[in-house]
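Engineer: can't give you the sequence, but here's the structure:
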């Protein structure tokens with residue numbers, strides 16, 4: 001059972017391991033490109049972003065912010081979510097099995113709880129990573145060790161110049177985003193899995209079909225949570241360091257300045273990178289994690 005401490009520990013380990021492998025291979029780059037696009041002036045292209053990231057440092061530039069904050073976030077992201085999700089599942093699944101709530105809703109709620117908890121715990125590391133990604137100083141020529149050291153000292157600078165609470169800047173909107181991120185990813189993916197099961201002749205889904213469901217679920221989730229994602233990036237942008245930022249005030253100010261058409265265009269920046277990141281993350285956590293669990297510990301779920 002997921003409430004067994006040793007079982008929770010195994011699931012935490014698997015979630016952390018899967019996440020860090022994904023982030024170092026592709027996830028960090030997709031998030032990097034997405035955040036820079038979302039905080040760049042109108043007219044910025046993906047080519048411009050990649051050129052700014054790799055122009056001075058070459059390919060190594062794509063891992064700016066990954067050491068140390070991306071590594072810490074990767075380990076904690078999967079582990080924190082996995083622990084909270086497993087704990088919530090242990091409480092909610094029996095309710096669904098007793099017929100008190102639909103199973104698909106129980107699983108989505110467990111995902112939402114995992115996302116909310118994850119949001120508050122990871123907000124400081126996301127802020128520091130975003131500051132590195134959006135600070136032009138880090139685009140200059142410097143070796144990997146120098147970049148890592150400056151990234152590490154950035155945390156001390158934020159606390160010294162803005163106060164320790166600055167590390168939680170944008171945390172409420174980020175936690176809300178993570179709640180809706182995982183609620184929508186789980187419920188949409190499970191809905192598509194249920195749909196595919198109706199056409200299955202074996203009564204079960206193949207790994208490929210589960211991945212397809214995750215892709216479709218991730219796509220719908222991206223559309224439904226994109227405004228929150230952009231607000232988080234803009235509130236934690238290095239250019240807003242030291243400013244008191246309100247998500248609602250930012251939204252209203254941009255609406256007044258650009259109108260609904262301009263606002264929609266602004267909030268679609270980085271959409272493709274966001275879509276790829278969400279879909280792949282959904283596959284990794286929803287389909288990849290159980291595969292890794294079975295590989296390491298056997299099918300004990």
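Structural biologist: Perfect, thanks for sending it. Since we're looking at a predicted model, the values are computed, not measured.
Engineer: residue 218 contacts residue 285, correct?
Structural biologist: No - Residue 218 lies out of contact with residue 285 (C-beta atoms under 8 Å); the separation is 10.2 Å. Backbone N, C-alpha and C define where each C-beta goes, glycine included.
Engineer: from residue 209, how far off is the residue sitting furthest away from the middle of the chain?
Structural biologist: Going by C-alpha atoms, centre = their mean, the residue of the chain most distant from its centre is residue 201, 35.0 Å out. Applying C-beta to C-beta, to the nearest Å, the value for residue 201 to residue 209 is 12 Å.
Engineer: and for residue 222?
Structural biologist: Counting by C-beta to C-beta - residue 222 and residue 209 are separated by 20 Å.
Engineer: of those two, which one has the most company?
Structural biologist: Taking other C-beta atoms under 10 Å, residue 222 and residue 209 do not tie; residue 222 has more neighbours (22 against 17).
Engineer: what's near enough to touch the more buried one?
Structural biologist: Contacts for residue 222 (C-beta atoms under 8 Å, 6 or more residues apart in numbering) come out as 271, 274, 275, 278, 279.
Engineer: residue 58 - how many residues pack around it?
Structural biologist: Neighbours of residue 58 under the rule other C-beta under 10 Å: 10.
Engineer: check residue 203 too.
Structural biologist: For residue 203, the count of nearby residues is 6 (other C-beta under 10 Å).
Engineer: so what's the residue lying closest to it once chain neighbours are set aside up against?
Structural biologist: Spatial nearest neighbour of residue 203, excluding adjacent residues (C-beta to C-beta, 6 or more residues apart in numbering): residue 197 at 7.4 Å. Applying C-beta under 8 Å, 6+ apart, we find residue 197 in contact with 203, 204, 205.
Engineer: which members of those are positioned in strands?
Structural biologist: Counting by DSSP state E, the contacts of residue 197 place none of their members in strands.
Engineer: I figured residue 180 hits residue 224, correct?
Structural biologist: Yes - with contact defined as C-beta under 8 Å, residue 180 reaches residue 224; the gap is 7.0 Å.
Engineer: buried residues in whichever strand or helix holds residue 225, which are they?
Structural biologist: With secondary structure defined by DSSP states H and E, residue 225 is part of helix 207-235. By neighbour count, with 16 or more other C-beta atoms under 10 Å as the criterion, the buried positions of helix 207-235 are 209-222, 225-235.
Engineer: got the angle between the helix or strand that it is followed by and helix 207-235?
Structural biologist: Downstream of helix 207-235, the first helix or strand assigned by DSSP H and E is helix 247-267. Helix 247-267 and helix 207-235 are oriented at 120 degrees to each other (axes from the mean of the first three to the mean of the last three C-alpha atoms, to 10 degrees).
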